[in-house]
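In: sequence unknown, structure follows:
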Ligand code: SF4
Ligand code: SF4
């Protein structure tokens, strides 16, 4: 996605040409809320608007198309470098073996929001062990892969230069093929795994039964 039209306003400089180049912002108004925001700002005198230049519009479309193609090309290239199946798993295990468990990938992720992080549960991830056992990364993949928006933060901030975003995004693409949920675009919840964290953790502790996986994957496996 190069122009986020699922947002209320998409702002940028593609399409700003002529004397306005470098001085104005191209705004795509994508919702009523966005329209009200712009209108309100104009009324308050903090924003001046004018219709987009038709030539600029055409250029904007062309730049967007070219960038989409470039993005697709690089995604293909990056996914190919991961290999398939067991090779991919081996690659992920090898790269993540550099992890120093700094938690940057967790604290920076816009999708990670659990109050009680399972990666800090000693049953799954042995405290004080570096690199952490692979479960540390598996927990992240299991929790986030259906919702990853490929923002890149987990990779950008990783001191061990582990390509975390690439790994997660590659898994998200597979899940999207299976379940059709497009994170960051679909306003519905991904899959069917909505639970209240506190109650679900209490239930898990009491019963040991993972309802999320039973509900979500059993219908698929059957
Ligand atoms: S940011 Fe990198 S080193 Fe830190 S916990 Fe995540 S994967 Fe490990
Ligand atoms: S790329 Fe995905 S997993 Fe990484 S921080 Fe962004 S949303 Fe989270």
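Out: Nice, I can see it. Values in this document were obtained by computation on a predicted structure and should not be read as measured data. Numbering: from 1, shown residues only. Ligands and ions are numbered 1, 2, ... in the order given.

In: helix or strand for residue 171, which one?
Out: Secondary structure assignment for residue 171, by DSSP states H and E: helix 164-179.

In: Can you confirm whether that helix lies near ligand 1?
Out: Yes - applying C-beta under 6 Å from any ligand atom, one finds helix 164-179 touching ligand 1 at residue 164. From N, CA and C alone the C-beta is placed, and that goes for glycine too.

In: wait, does that helix contact ligand 2?
Out: Yes - contact of helix 164-179 with ligand 2 (C-beta under 6 Å from any ligand atom) involves 164, 165, 168.

In: what about the residue lying closest to the last one once chain neighbours are set aside, neighbour count?
Out: Okay, so that is residue 168. Nearest residue to residue 168, sequence neighbours excluded (C-beta to C-beta, 6 or more residues apart in numbering): residue 148, at 4.5 Å. Residues within reach of residue 148, counting by other C-beta atoms under 10 Å, total 27.

In: who touches residue 148 in this structure?
Out: 111, 165, 168, 169, 171, 172, 183 (C-beta atoms under 8 Å, 6 or more residues apart in numbering).

In: Against which helices or strands is the helix ranked longest in the chain packed?
Out: Using DSSP state H to define each element, the chain has its longest helix at helix 54-82. Judged by 3 or more C-beta pairs under 8 Å, 6 or more residues apart in numbering; DSSP states H and E, helix 54-82 is in contact with helix 85-96, helix 164-179.

In: Following the chain onward from the shortest one, which element is next?
Out: Next along the chain after helix 85-96, taking DSSP H and E as the criterion, comes helix 104-108.

In: what about the nearest residue to residue 160 once chain neighbours are set aside, distance to residue 161?
Out: Residue nearest to residue 160 in three dimensions, not counting chain neighbours: residue 98, with 4.1 Å by C-beta to C-beta, 6+ apart. Distance, residue 98 to residue 161, by C-beta to C-beta, to the nearest Å: 8 Å.

In: now do residue 1
Out: Taken as C-beta to C-beta, the span from residue 1 to residue 161 is 25 Å.

In: Which of the two has more residues huddled nearby?
Out: residue 1 (14 against 9).

In: list the contacts for residue 50?
Out: Counting by C-beta under 8 Å, 6+ apart, there are no residues that residue 50 touches.

In: sorry, back to before: do the longest helix of the chain and ligand 2 come into contact?
Out: No - on the criterion C-beta under 6 Å from any ligand atom, helix 54-82 is out of touch with ligand 2, staying 12.9 Å away.

In: same check, this time on stretch 96-103
Out: No - using C-beta under 6 Å from any ligand atom, stretch 96-103 never reaches ligand 2; the gap is at least 12.2 Å.

In: now the helices and strands packed on helix 54-82 in JSON lines, with distance to residue 44?
Out: Formatted as JSON lines, the helices and strands packed on helix 54-82 follow (distance: least, C-beta to C-beta, whole Å):
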{"stretch": "helix 85-96", "distance to residue 44": "50"}
{"stretch": "helix 164-179", "distance to residue 44": "39"}
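
In: just those: most buried one?
Out: helix 164-179 (a mean of 18; mean count of other C-beta atoms under 10 Å).

In: What strand or helix carries the residue lying closest to residue 63 once chain neighbours are set aside?
Out: Nearest non-adjacent residue to residue 63, counting by C-beta to C-beta, 6+ apart: residue 14, 4.6 Å away. Following DSSP H and E, there is no helix or strand that holds residue 14.

In: Good, wrapping up.
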